[in-house]
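Engineer: Show me the folded form of this:
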Amino acid sequence: MRITEYEHEPIRGLPGNLPAGEQILWQGAPDWRMFARSALFTRWIGLYFAVLAAAALVSGSIGGLIGIVVSAGLAIGLLVLFAWGVARTTVYTITNRRIVLRVGVALNKCINLPLKVIASAQLRDLGGGFGDIALEINGRHRLGYAMLWPHARPLRLGKPQPMLRALANAPEAARILAQACHQEAPNEAHLAPVSEDGQRAGLMEQPA
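Structural biologist: You can find the predicted model right below:
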């Protein structure tokens with residue numbers, strides 16, 4: 001498990017050529033609209049400003065209303081721009097040996113996670129086929145929350161979990177990941193992705 005920074009990319013999403021025997025099973029990236037809503041909470045922020053604007057309108061403060069509208073436009077605009085940048089610069093890759101997160105709006109870096117260190121994967125349904133996949137890592141690791149963000153499971157500060165966010169076809173990605181993990185570590189029953197409420201998602205059969 002390591003993090004590397006690089007400029008040259010011989011294969012999209014990867015800092016180097018694949019070793020012999022390794023093959024790409026799936027690649028994807030966040031959908032910027034869903035990322036803005038689910039990771040940056042633009043809808044909630046918009047609702048907050050709407051309440052402020054309504055209060056200013058009721059009080060008859062036209063100047064306050066204009067200020068709120070301008071502030072809302074700037075705040076949401078910056079968040080949407082950031083979401084677009086994240087979607088444009090992020091590539092998630094699942095191979096038959098590892099998961100690679102190529103992330104970084106300003107500076108590209110790769111987070112390599114061998115499948116053997118994945119303790120479990122949790123699929124969070126965002127509706128419409130969209131979803132997040134959080135990865136729980138075996139044992140202690142040196143991946144900091146700030147280093148992973150925004151590709152980190154929210155509020156897991158003590159033991160950060162990498163997260164594949166706002167995927168357009170999350171169930172398919174989860175199925176591919178489950179199969180790859182099972183082939184890499186067939187005796188590990190806890191590798192089956194589960195839902196946020198802890199129920200089995202039925203994406204991988206338990207080993208006999």
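Engineer: which residues in the chain form helices?
Structural biologist: 32-38, 42-59, 62-89, 145-148, 170-184 (DSSP state H).
Engineer: what sits up against the second one?
Structural biologist: Meaning helix 42-59. Residues from elsewhere that reach helix 42-59 (Cβ atoms under 8 Å, 6 or more residues apart in numbering): 36-37, 64-65, 68-69, 71-72, 75-76, 79-80, 83. Every C-beta, even on glycine, is put in place using the N, C-alpha and C of the backbone.
Engineer: Measure how buried the residue nearest to residue 30 when sequence neighbours are not counted is and give me the count.
Structural biologist: Closest residue to residue 30 apart from its sequence neighbours, by Cβ to Cβ, 6 or more residues apart in numbering: residue 166 at 3.9 Å. The tally of other residues near residue 166 (other Cβ atoms under 10 Å) stands at 27.
Engineer: swap in residue 94?
Structural biologist: 24.
Engineer: Who does it form a beta bridge with?
Structural biologist: Beta-bridge partners for residue 94, by DSSP bridges, are residue 26, residue 99.
Engineer: wait, what's in contact with it?
Structural biologist: Residue 94 is in contact with 24, 25, 26, 27, 173, 176, 177, 180, counting by Cβ under 8 Å, 6+ apart.
Engineer: before we move on, back to that, which of the helices of the chain is buried the deepest?
Structural biologist: Most buried of the helices of the chain, by mean neighbour count (mean count of other Cβ atoms under 10 Å): helix 32-38, with a mean of 21.
Engineer: Return the list of helices and strands in contact with it.
Structural biologist: helix 62-89, strand 130-137, strand 163-167 (3 or more Cβ pairs under 8 Å, 6 or more residues apart in numbering; DSSP states H and E).
Engineer: Please list all residues in contact with the residue nearest to residue 114 when sequence neighbours are not counted.
Structural biologist: In space, residue 114 comes closest to residue 98 once its chain neighbours are excluded; the distance is 4.9 Å by Cβ to Cβ, 6+ apart. Residues in contact with residue 98 (Cβ under 8 Å, 6+ apart) are 22, 112, 113, 114, 115.
Engineer: Same list (those residues) but as a markdown table, adding neighbour count.
Structural biologist: Below are those laid out as a markdown table (neighbours: other Cβ atoms under 10 Å):
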| residue | neighbour count |
| --- | --- |
| 22 | 13 |
| 112 | 18 |
| 113 | 19 |
| 114 | 15 |
| 115 | 20 |
